[in-house]
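Chemist: Sequence and predicted structure are below.
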Amino acid sequence: MSSKASSVAAEAVKSTHSLKDAAETAAAVAEDPVVAAASSMSLKASILAQSASATASSVASQAKQVVFSDNSSDDDGEDEDFRDLLGISDDLTPIEEAVQEENEAQTPAEGGWKPETEEEKAAREARTVENRKSLMTRHASWEEQLKAQVEASHRDLRQDILDLRKKAAEELKEDTSIRTDMDALETEAGKLLKGAEKYLKALKKETKPQEEKALLWEKVFDKVESKLADRIQETETLVNSWYDDLAAKEAVIIATRLDEVQSLADRAQEDLGLDYVWLGDVSYHDWQRFHDLMRTWEKFRDDANNMVNGTHPQSYPNAVQLVIEELEGEVQDIIGGVETRLTSLRRDGLRAFTGEAEAAEAPEVTIPVADPQETEAGAAPVEPVLIGRGKAEVEAALGTVESQEQTEVPPPVKPDSAKSAEEIVSEVVQEAEAEADPLKVVHSEL
């Protein structure tokens, strides 16, 4: 075999592999729809792939012709070995036949890819202009529809929220449950404070050491303060529950109006998305405008939430909030009165058992009202209460001795609003004495 044949054959193998890689790269580029000029890149990649296929076929054909036309100086055995090495045979495989037919159909007779003519380029650009014009018209139509929907949904949302709040405010004014609970709070707080004042007077007269009385009074005072805080929290929770129920109903209305705008933005993007992918001269600005459709919904969502929760400059009036604030003001008045009397009680006890200086330095009492949403995780476990002083003994010391027959079955537990001041405080004193000395049962007479 001549050196010319070998050279051409080697070049054929090298060109075939190189062009195969180029074809694969071109196909990968053609399948990437993310780039802004997706259709243009696809067209270029297709041209490159077809050119690669045609060129590979042409080079292989030339190599085959050279090998078999210039073999006069080589024997038949070497020729057959070389042909086997290149994978060249006289008979084409089904795949080779299919490739050959495709190349013959796609490439001109003289071989190679035919460049785009000026007429074809002009026709393609004209189609792109027409496609862009149609796409821009449809996009503008969707934008107008979306703008109109946002305005309508804003208007409907405002009316729905105002109607809901007006109705809720009227119901809240007519509801007596909160007022009744607030009255009960004031009554129970008054009884508890009155009972604590009586107990302090009785404790002053006891013959116990001052240190023991001071410790016992501190325990009783803490129990009274804690009991008042718990009762105030119940009223606060009841008031807040009204607003929580209202907020849940408002959330349903907001979700309905948001869905109106979001569903329209979704339909707009579904209609326009693929046309932008195949637009010949698609740009970054085009894609930003496309994404602005969904951003319109996002802005409406943020504005709607802020208008409802009162953080927007154009927030909706809240009639319920005005009523809630009025009720909250009354609750705070009750709390303020309780705190004033507690402060006086604390200083009186300190003055009696520790001295005037400590009483003067004692800070004012502030009722710690916890957030209803907070959990009680981490709270200290409640220890069993050991009764240190009988209930009858405490009530007798307070001047309200009430003899009660002891039975094995305890009487029903009465709510604090139905108990007397002495009953309420006696329970507090029992707990306080048990905590002060849980192992000692005290039965001294008051």
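Modeler: Looks like it arrived, so ask away. Values in this document were obtained by computation on a predicted structure and should not be read as measured data.

Chemist: mind listing what's buried in stretch 276-292?
Modeler: Across stretch 276-292, burial judged by 16 or more other C-beta atoms under 10 Å covers 276-277, 279-280, 282, 286, 289-290. All C-beta spots, glycine's among them, are computed from the backbone N, C-alpha and C.

Chemist: Which two of these have the greatest separation?
Modeler: Taking C-beta to C-beta, the two most distant members of the buried residues of stretch 276-292 are 280 and 289; they sit 17.0 Å apart.

Chemist: ranges for the helices of the stretch 201-350 of the chain?
Modeler: 210-277, 284-309, 319-353 (DSSP state H, counting those that start in this stretch).

Chemist: Dump those helices into a markdown table; add mean pLDDT and distance to residue 193 as well.
Modeler: Below are the helices of the stretch 201-350 of the chain laid out as a markdown table (pLDDT from 0 to 100; distance: least, C-beta to C-beta, whole Å):
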| stretch | mean pLDDT | distance to residue 193 |
| --- | --- | --- |
| helix 210-277 | 92 | 7 |
| helix 284-309 | 94 | 38 |
| helix 319-353 | 88 | 5 |
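
Chemist: how about those helices in TSV, adding distance to residue 427?
Modeler: Below are those laid out as TSV (distance: least, C-beta to C-beta, whole Å):
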stretch	distance to residue 427
helix 210-277	9
helix 284-309	43
helix 319-353	17
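
Chemist: Relative to residue 426, which of the ones you listed is closest?
Modeler: helix 210-277 (10.6 Å).

Chemist: Give me the angle between that closest one and helix 284-309.
Modeler: 150 degrees (axes from the mean of the first three to the mean of the last three C-alpha atoms, to 10 degrees).

Chemist: Distance to residue 353 for the buried residues of stretch 276-292 - can I get that in CSV?
Modeler: CSV is the format used below for the buried residues of stretch 276-292 (distance: C-beta to C-beta, whole Å):
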residue, distance to residue 353
276, 84
277, 85
279, 89
280, 94
282, 86
286, 83
289, 79
290, 79
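
Chemist: I'd like to know which of those residues is nearest to residue 240.
Modeler: Out of the buried residues of stretch 276-292, the member with the shortest distance to residue 240 (by C-beta to C-beta) is residue 290, at 44.9 Å.

Chemist: Surely that closest one touches residue 269?
Modeler: Yes. The criterion here is C-beta atoms under 8 Å, and residue 290 meets it with residue 269 at 6.8 Å.

Chemist: For residue 162, see how far away residue 147 is.
Modeler: Distance of residue 147 to residue 162, given as C-beta to C-beta, to the nearest Å: 23 Å.

Chemist: Give me the more crowded residue out of these two.
Modeler: residue 162 (14 against 11; other C-beta atoms under 10 Å).

Chemist: Give me the three-state assignment for the more buried one.
Modeler: Three-state assignment for residue 162 (DSSP: H, G, I helix; E, B strand; the rest coil): helix.

Chemist: of all the helices of the stretch 201-350 of the chain, which lies closest to residue 138?
Modeler: helix 210-277 (6.5 Å).

Chemist: While we're on residue 382, how confident is the model there?
Modeler: Note for residue 382: predicted pLDDT of 32.

Chemist: I misspoke; the intended subject was residue 114.
Modeler: 82.

Chemist: Regarding it, what is its secondary structure?
Modeler: coil.

Chemist: care to break this structure down by domain?
Modeler: Annotated domains of the chain cover 3-115, 391-436 [automatic domain parsing].

Chemist: picking up where we left off before, so which of the helices of the stretch 201-350 of the chain is nearest residue 166?
Modeler: Using C-beta to C-beta, those put helix 319-353 closest to residue 166, at 5.5 Å.

Chemist: Can you tell me the number of residues neighbouring residue 267?
Modeler: Neighbour count of residue 267, defined by other C-beta under 10 Å: 14.

Chemist: Residue 133 versus that one, what's the distance?
Modeler: 22 Å.

Chemist: Now residue 310. Nearest residue, chain neighbours left out?
Modeler: Nearest non-adjacent residue to residue 310, counting by C-beta to C-beta, 6 or more residues apart in numbering: residue 318, 6.6 Å away.

Chemist: Go ahead and confirm that neighbour touches residue 164.
Modeler: No. Between residue 318 and residue 164 there is no contact under C-beta under 8 Å: 10.4 Å.

Chemist: higher neighbour count, these two?
Modeler: residue 318 (21 against 17).

Chemist: State the phi and psi torsions of that one.
Modeler: Here is the backbone geometry of residue 318 (degrees, to the nearest 10): phi -120, psi 100.

Chemist: And residue 114, by the same measure?
Modeler: phi -80, psi 120.

Chemist: number of nearby residues for residue 159?
Modeler: That count, for residue 159 with other C-beta under 10 Å as the rule, works out to 12.

Chemist: how close does it sit to residue 253?
Modeler: 10 Å.

Chemist: just residue 220 next, same as before
Modeler: Distance from residue 220 to residue 253, by C-beta to C-beta: 51 Å.

Chemist: again, but for residue 204
Modeler: 61 Å.

Chemist: quick one, which of the two is more surrounded?
Modeler: Neighbours were counted for residue 204 and for residue 253 using other C-beta under 10 Å; residue 253 has more, 18 against 13.

Chemist: Just the pLDDT at the closest residue to that one other than its chain neighbours, thanks.
Modeler: Spatial nearest neighbour of residue 253, chain neighbours left out: residue 160 (4.7 Å); criterion: C-beta to C-beta, 6+ apart. Per-residue confidence (pLDDT) for residue 160: 95.

Chemist: Give me the neighbour count for residue 160.
Modeler: Residue 160: 18 neighbours (other C-beta under 10 Å).

Chemist: thinking it is in contact with residue 255, fair?
Modeler: No. Counting by C-beta under 8 Å, residue 160 stays clear of residue 255, with 11.5 Å between them.

Chemist: tell me the helices in the stretch 51-200 of the chain, going along the chain?
Modeler: Going by DSSP H, counting those that start in this stretch, the stretch 51-200 of the chain shows helices at 76-86, 94-106, 118-174, 177-205.

Chemist: Most tightly packed of the ones you listed?
Modeler: helix 177-205 (a mean of 18; mean count of other C-beta atoms under 10 Å).

Chemist: can you state the direction angle for that helix and helix 210-277?
Modeler: Using the same axes, to 10 degrees: helix 177-205 against helix 210-277 is 150 degrees.

Chemist: what's the model's confidence in helix 177-205, averaged?
Modeler: On average, helix 177-205 scores 91.

Chemist: Which residue comes closest to residue 364 once chain neighbours are left out?
Modeler: residue 343 (4.7 Å).

Chemist: what's the burial count for the one you found?
Modeler: 15.

Chemist: looking at it, it is touching residue 367, isn't it?
Modeler: No. Counting by C-beta under 8 Å, residue 343 stays clear of residue 367, with 10.8 Å between them.
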